[in-house]
Structure formats: C-alpha cells, structure tokens
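>>> Using only what follows, build the 3D model:
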Amino acid sequence: MEVKLESLIEKIKTEGIEQARQNAQAIIDKAQEEARQIINQAQTEANQVLENARLEARKIEANTLAALKQAERDTILVTREKLKNLFDTVLKKEIGATLTPGFLARLILVVVQSIGSGAEVLLNETDLTELQALLLDKTHAGLSEAVAFKIDKGISKGFRIGRQGDHVYYDFTDQSLTDFLREFLNPSITELLNRDNG
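Residues are numbered from 1 along each chain as shown. Here you go, the predicted model:
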C-alpha cells in the first residue's frame with residue numbers, strides 16, 4: 001500500500017509538474033503573441049507616423065515653393081513698378097532741366113505769336129521773375145495787346161498759356177510734358193522690362 005501511495009504521489013507530482021509546464025508554456029506563448037502584436041502595432045503606428053511626416057514634408061515643400069514663386073512674381077512686379085517710377089522721376093527731372101529761362105522765353109514767344117494778342121501765361125514765381133522783363137519787351141514789340149503773366153503755385157517748372165478769359169490753356173509744364181512723353185516711352189520700357197532673361 002505504501003508503494004501504491006508512493007506511486008500515486010509520484011503520478012500526482014508528475015501530472016502537476018506537466019500541468020504547470022503546460023500552464024507556463026501557455027503563459028509564455030500568450031506573452032509572446034501579445035509582444036508580437038504590440039511590436040506589430042508599434043511598427044504600424046511608426047509607419048503611419050513616418051508616412052504622415054512624409055506627407056507633411058511634401059505639403060510644406062509645395063507651400064514653400066508656391067510662396068517662393070509668389071514672392072518672385074511680387075518682387076518682379078514691384079521692381080518693374082519702381083523702375084517705371086524711377087524712369088518717370090528721371091524723365092521729369094531732365095525735362096525740368098531743359099526748361100531753362102532762355103528756352104522758356106523762346107518757347108513762350110513762339111506760342112504767344114501763334115495765339116496772338118490777349119495771351120495769358122501762367123508760371124511759377126521764380127520763372128516769372130526771371131522771364132517777365134525779357135518777355136514783356138519782346139511781346140510788346142510784336143503784339144498790339146500786352147501779354148498777362150500770372151503766378152500759378154501748382155507749376156514747378158514750365159508754363160501754361162492761353163487766351164485771357166478762356167480758361168483753356170496749352171500746358172507746357174514739366175508734369176504735362178512728362179505725362180505726354182511717358183505715353184510714348186512707357187510701352188517700350190514695359191516691353192524691355194517684360195523680356196525674359198533667358
């Protein structure tokens with residue numbers, strides 16, 4: 001009976017150890033499966049994060065390129081506009097430099113002779129002071145009626161001329177001459193500025 005008891009204890013031990021081994025193996029297998037799932041999930045999430053980062057980088061690159069192209073266009077437009085303005089400023093300055101007292105006197109005499117008597121000349125105060133004596137002598141010599149000279153503070157250089165009382169003037173100011181010449185020169189300048197550099 002003792003042998004049977006011993007045999008029974010041995011059998012219980014063996015079965016218990018085997019059961020414990022199976023339980024342990026099941027726990028290990030389950031832990032390994034969970035670890036694989038966690039690794040796979042982490043890998044999937046990492047791949048998704050990487051793909052999202054790539055997509056975001058492409059968006060940023062596309063936005064940056066679009067912003068650079070827009071900045072390039074804006075810079076070209078602003079530069080063209082500034083060059084046109086600079087041209088207008090230089091043109092007006094050169095026209096103003098050409099409108100010397102001697103030139104103005106000759107031009108006024110020619111226009112007064114074509115208008116005839118009763119002419120009215122509008123000048124800035126500086127030019128009026130320099131030209132009045134010269135012009136009065138010359139216009140009196142050729143015309144039966146005197147030419148009226150008036151100050152116009154809106155004229156920086158040049159003059160306006162017309163018949164007294166008509167309020168219609170021929171405009172020979174630096175601004176009107178600049179505007180007139182700009183109409184002819186700006187298309188050529190615009191074409192020059194719009195040419196590709198390639």
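
>>> Which neighbouring elements make contact with the helix or strand that contains Leu65?
Using DSSP states H and E, Leu65 falls within helix 2-98. Judged by 3 or more Cβ pairs under 8 Å, 6 or more residues apart in numbering; DSSP states H and E, the packing partners of helix 2-98 are helix 174-194. For every residue, glycine as well, the C-beta is placed using N, CA and C.

>>> residues of the helix it packs on that come out buried?
174-178, 182, 189 (16 or more other Cβ atoms under 10 Å).

>>> Kindly report the same for stretch 148-161.
Quick answer for stretch 148-161 (16+ other Cβ under 10 Å): 149, 155, 157-161.

>>> residue closest to the middle of the protein?
Asp74 (3.2 Å; Cα atoms, centre = their mean).

>>> Next one, pLDDT for that one please.
Asp74 is assigned 91 on the pLDDT scale.

>>> got it, and Glu15?
Glu15 is given a pLDDT of 75.

>>> what sits against it?
Residues in contact with Glu15 (Cβ atoms under 8 Å, 6 or more residues apart in numbering): none are found.

>>> and the next element down the chain from the helix or strand bottoming out on mean pLDDT in the chain?
Using mean pLDDT, DSSP states H and E, the weakest-scoring helix or strand in the chain turns out to be helix 125-142, at a mean of 70. Per DSSP H and E, the first helix or strand lying C-terminal to helix 125-142 is strand 148-151.

>>> Listing partners with orientation, what would you give for that next one?
Here strand 148-151 has these sheet partners by DSSP bridges: strand 119-123 (parallel).

>>> Who's the closest spatial neighbour of Ile115, skipping the chain neighbours?
Arg163 (6.3 Å; Cβ to Cβ, 6 or more residues apart in numbering).

>>> Quick check: that neighbour vs Val90, distance?
Distance of Arg163 to Val90, computed by Cβ to Cβ, to the nearest Å: 34 Å.

>>> Looking at those two, which one has more neighbours?
Neighbour count, other Cβ atoms under 10 Å: between Arg163 and Val90, Arg163 has more, with 14 against 11.

>>> if we can go back for a sec, distance-wise, check the residue nearest to Ile115 relative to Asp127.
To Asp127, Arg163 is 20 Å away according to Cβ to Cβ.

>>> Show me the shaky parts of the chain.
In the predicted model, the chain carries pLDDT under 70 at residues 1-3, 5, 8, 134-146, 190, 193-198.

>>> Now do the domain split for it, please.
As assigned by automatic domain parsing, the chain contains the domains 1-71, 99-192.

>>> In CSV: these, plus distance to Lys82.
As requested, the domains of the chain are exported to CSV (distance: least, Cβ to Cβ, whole Å):
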stretch, distance to Lys82
domain 1-71, 16
domain 99-192, 12
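
>>> any idea how far Leu131 is from Val168?
22 Å.

>>> what about these two, which has more around it?
For Val168 versus Leu131, neighbours defined as other Cβ under 10 Å are more numerous around Leu131 (19 against 8).
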